[in-house]
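J.: Have a look at this prediction, sequence included:
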Amino acid sequence: MLSNRKKIALLLYLRQRNRKRSCWIHPMNVRRAEVGAFVTTMPDLKKYPEKCLKYIRMDITTFYKLLEIVKPSITHVSIRVPVSSEERLMVTLRFLATGESYSSLSYSYRLGISTISDIVRETCEAIYNNLRAKYLAIPRKEAEWAVISREFWHRWQVPMVLGAIDGKHVVMKKPANSGSLYYNYKGSCSIVIMACVDAKYRCLMCDFGSYGHNGDAGIYDGSDFKQALDENTLDLPKPDFLPGTETLLNYHFLGDGAFPLSERMMKPFPGYKLSKDERIFNYRTSRGRRVVENFFGILAATWRCLLWGLEVKEQNADWIIKATVVLHNFLLDEMKGKTGDLSDLADTGMRMMDYGEI
């Protein structure tokens, strides 16, 4: 015999399953092929490249290159008129670039809100899965690390550095039944991404989806990157002499005060009563570590969905963040010389974000 609770649950399920839709396509969306934002905007974006760059953060040539890569993963076949892969990518990039609500995108593109949600999730997943092998691959050869170290020396005057590491909170809607897992030190809900960045703002490694209450040290300690360092599987350069000295030193990464000091992790001297040499060291360390803060500034200034808070489920938030990071590296390669000075974007993004130890 079924209990009363199970009977009620079964009745609710049957009622939901048998409920008829008031309409398959809302009357507002019937004319999508005539007045939808994709149909009305795309011809102008092709005609005016500078507008395309502002609208979806890439020129039309780069858009179609990206489409060619992800198209097999986002093409749908349906008995109804499906949303084309081209439009799916456009909707997703517009959301990432602006953080515009699904409701607002629904009105402009003449698509249902649930359809917009599915499109963004599926396309972000396709972007990450298809791009990460090429555009988010951590170096595995000593020669590649040596190039990064030379760039840090020539651009930022910090020797023997292989990358700068830091974490960033991305504010999001509190997931159901999550308790205090996502609450951070500012009292908001967030997930944390930890990135290792080279001298040219390229992300070398990113750890996604840590709970907002976690700190830098804990996230780093449990990361695949830390494990690879401990197991010495990254083929890092052998110890060498500091420039102009006979002091032998390991090549290393830069972190802030929240990270544990080790042979491969350098951080500033703590406190205020420092010697002249210690102050100079801290200045140089800060100069090199600034690239990861700039990276987060550039990322948020380009993909502004990260600025306003993600009103999506936590699984969808993970895919959105992953897509923005891999797209950042993709655009560095494909849009060289077309996006202006990255430091300007970094300043813009950092003015709108708060930084500090997690």
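T.: Perfect, thanks for sending it.
J.: Just the pLDDT for the residue nearest to residue 210 when sequence neighbours are not counted.
T.: Computed as CB to CB, 6 or more residues apart in numbering, the closest residue to residue 210 that is not its neighbour in sequence is residue 192, at 4.3 Å. All C-beta atoms are positioned from the backbone trio N, CA, C, and that covers glycine. Note for residue 192: predicted pLDDT of 91.
J.: For residue 192, grab phi and psi.
T.: Phi and psi for residue 192, reported as degrees, to the nearest 10, are phi -110, psi 130.
J.: My guess is residue 265 contacts residue 255. True?
T.: Yes: the criterion here is CB atoms under 8 Å, and residue 265 meets it with residue 255 at 5.6 Å.
J.: Name the residues contacting each of these two.
T.: residue 165 (CB atoms under 8 Å, 6 or more residues apart in numbering).
J.: Now do the contacts for the residue nearest to residue 210.
T.: Per CB under 8 Å, 6+ apart, neighbours of residue 192: 167, 168, 169, 170, 184, 210, 211, 212, 214, 219, 358.
J.: 10 Å - rerun?
T.: Neighbouring residues of residue 192 by CB atoms under 10 Å, 6 or more residues apart in numbering: 167-170, 182, 184, 207-216, 218-219, 321, 358.
J.: What's the first helix or strand after the longest helix that the chain contains?
T.: For the chain, the longest helix by residue count, based on DSSP state H, is helix 276-302. Per DSSP states H and E, the first helix or strand lying C-terminal to helix 276-302 is helix 305-308.
J.: List the buried residues in that next one.
T.: By neighbour count with 16 or more other CB atoms under 10 Å, helix 305-308 contains the buried residues 305, 306, 307.
J.: Nearest residue to the last one in space, ignoring adjacent ones along the chain?
T.: Think residue 307. Counting by CB to CB, 6+ apart, the nearest residue to residue 307 once its immediate chain neighbours are dropped is residue 300, at 5.2 Å.
J.: One more: the second one?
T.: By the measure of CB to CB, 6+ apart, the closest residue to residue 306 outside its immediate chain neighbours is residue 300, 4.6 Å from it.
J.: Neighbours of that neighbour, how many?
T.: Counted by other CB atoms under 10 Å, the residues lying close to residue 300 total 24.
J.: Was I right to think it contacts residue 325?
T.: No: under the criterion of CB atoms under 10 Å, residue 300 is not in contact with residue 325, lying 11.4 Å apart.
J.: Between the two, which contacts overlap?
T.: Here residue 300 and residue 325 have residue 306 as joint contacts, going by CB under 10 Å, 6+ apart.
J.: residue ranges with poor pLDDT in the chain?
T.: Counting by pLDDT under 70, the chain contains low-confidence ranges at 1-4, 6-7, 9-35, 77-81, 337-358.
J.: show me where it has strands.
T.: With DSSP state E as the criterion, the chain has strands at 161-171, 190-197, 203-211, 240-241, 248-249, 252-254, 265-266.
J.: Can you tell me the strand partners of the fourth one and which way each runs?
T.: Partner strands for strand 240-241, per DSSP bridges, with pairing direction: strand 248-249 (antiparallel).
J.: Check the offset of the partner strand from the chain's centre.
T.: Distance of strand 248-249 from its chain centroid, counting by CA atoms, centre = their mean, to the nearest Å, is 35 Å.
J.: Give me the contacts around that strand.
T.: Applying CB under 10 Å, 6+ apart, the external contacts of strand 248-249 come out as 159, 160, 238, 239, 240, 241, 242, 263, 266.
J.: So which bits of the longest helix of the chain are buried?
T.: Within helix 276-302, the residues scored as buried using 16+ other CB under 10 Å are 284-285, 288-302.
J.: Just want the angle from it to strand 161-171.
T.: When axes from the mean of the first three to the mean of the last three CA atoms, to 10 degrees is applied, the directions of helix 276-302 and strand 161-171 differ by 50 degrees.
J.: now the angle between strand 203-211 and helix 276-302, please.
T.: Interaxial angle of helix 276-302 relative to strand 203-211 (the same axes, to 10 degrees): 80 degrees.
J.: hang on, the earlier thing: wait, which of the contacts of strand 248-249 is closest to residue 68?
T.: residue 160 (40.1 Å; CB to CB).
J.: among the contacts of strand 248-249, which ones are buried?
T.: Buried among these by 16+ other CB under 10 Å: 159, 160, 266.
J.: Spit out the contact partners of the first one.
T.: So the one you mean is residue 159. Applying CB under 10 Å, 6+ apart to residue 159 gives the contacts 149-150, 152-153, 240-245, 249, 251-252, 284, 288.
J.: Not counting sequence-adjacent ones, nearest residue to residue 253?
T.: residue 163 (4.9 Å).
J.: any idea how far the one you found lies from residue 136?
T.: Noted for residue 163: a distance of 14 Å to residue 136, by CB to CB, to the nearest Å.
J.: Grab the nearest non-local neighbour of the most centrally placed residue in the chain.
T.: What sits nearest the mean C-alpha location of the chain, by CA atoms, centre = their mean, is residue 325, with 3.2 Å. Leaving aside its sequence neighbours, residue 325 sits nearest to residue 206 (CB to CB, 6+ apart; 5.1 Å).
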